[in-house]
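A.B. asks: kindly return the folded structure for what I paste below:
(one chain, ligands or ions: 1)
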Amino acid sequence: MNARHTAAPSTDLDHQREAIAGLGHELRALVDATVRTVTPADVLHRVTDEVRRLTSQLTGRRRTRTEIPHVDEFPGGIRMFSPVTGPGNPLAPPVRVTPDGDGVTGHCTLGIAHEGPPGYVHGGMSAMLLDELMGWACSAAGTPAMTVSLQLRYHGPVPVETPLRVHARVTGTEARKVFVTGSITTEADGDRQLVTAEAVFVAPDPERARALFPER
Ligand SMILES: CCCCCCCCCCCCCCCC(=O)SCCNC(=O)CCNC(=O)[C@H](O)C(C)(C)COP(=O)(O)OP(=O)(O)OC[C@H]1O[C@@H](n2cnc3c(N)ncnc32)[C@H](O)[C@@H]1OP(=O)(O)O
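C.D. replies: Here you go, the predicted structure:
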């Protein structure tokens, strides 16, 4: 469904988020069309000119490197431009995350733009999905934290254009360290783990957090 056709926004913030998601949705469609097209070069040149013209409309005031978008809730909440869950980021599938009894579960379908081997997901994309979901599991457990170690096992190729489920859960904590596991399966075969992950996250001490995120 086109993101612009969702329910009427209730606040300015909702309105802004809806507009951001609408643009992200259309850009994802553009990215998908771009990596699939077999259209001739003259059409590609024409489209390139049009995209350049559109881009120039978005280059007024831009946020700085450390600025947290006003539409976000950081840490542990909405991230409109996350490369994994952000509806406003055309790089994101985006993954829809829901808490479950045992951690968090993400749902998404990856496209040809995320391909590694033909027909299958790039291994780095799988790592990104798992890293993000394991980060959400830390936040859901009340300890927003950053990855310090991430180990993956690729048991089977992950198909593109196939609904996927990414699961992550905290298995233990030790002071500021959080131990997390994760997996990717298809929605259709939830018992067959295609990728599994083990990670250590660390909640930065307050002084370190202030230095890393000065605008928080
Ligand atoms: C405002 C609050 C914000 C909170 C947090 C925000 C979260 C925001 C969400 C982002 C959305 C998610 C996205 C997906 C998750 C990423 O992608 S996060 C990005 C990738 N990760 C990084 O860039 C982290 C790089 N590392 C660092 O900057 C620093 O290591 C950290 C994480 C800030 C920790 O620094 P620190 O607070 O000075 O901690 P430090 O004293 O060095 O170590 C603490 C403990 O961890 C252990 N440790 C350190 N490294 C390792 C390791 N590789 N293996 C095992 N143990 C280790 C240490 O040995 C120490 O243990 P003890 O000696 O106490 O037993």
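A.B. asks: mind listing what the residue of the chain found nearest the ligand touches?
C.D. replies: Nearest residue of the chain to the ligand: residue 135, at 3.1 Å (Cβ to the nearest ligand atom). C-betas here are computed from N, CA, C, even on glycine. The neighbours of residue 135, taking Cβ atoms under 8 Å, 6 or more residues apart in numbering as the test, are 144-147, 201.
A.B. asks: from those, which land in helices?
C.D. replies: Using DSSP state H, no member of the contacts of residue 135 falls in helices.
A.B. asks: output the contacting helices and strands for the helix or strand in which residue 164 is found.
C.D. replies: Secondary structure assignment for residue 164, by DSSP states H and E: strand 163-174. Judged by 3 or more Cβ pairs under 8 Å, 6 or more residues apart in numbering; DSSP states H and E, the packing partners of strand 163-174 are strand 103-109, helix 123-140, strand 177-186.
A.B. asks: would you list the ones you listed in TSV and tack on distance to residue 215 and mean pLDDT?
C.D. replies: TSV is the format used below for those (distance: least, Cβ to Cβ, whole Å; pLDDT from 0 to 100):
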stretch	distance to residue 215	mean pLDDT
strand 103-109	26	98
helix 123-140	19	97
strand 177-186	24	98
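A.B. asks: distance from stretch 91-106 to the middle of the chain?
C.D. replies: With Cα atoms, centre = their mean, to the nearest Å as the basis, stretch 91-106 stands 9 Å off its chain's centre.
A.B. asks: buried stuff in it?
C.D. replies: 91-95, 97, 103-106 (16 or more other Cβ atoms under 10 Å).
A.B. asks: start and end of it, how far apart?
C.D. replies: By Cα to Cα, to the nearest Å, the extent of stretch 91-106 from end to end equals 16 Å.
A.B. asks: wait, does that stretch contact the ligand?
C.D. replies: No - shown here: stretch 91-106 not in contact with the ligand (Cβ under 6 Å from any ligand atom), separated by at least 11.3 Å.
A.B. asks: and the two most separated of the contacts of residue 135?
C.D. replies: Pairwise distances across these peak at 11.9 Å for 144 and 147 (criterion: Cβ to Cβ).
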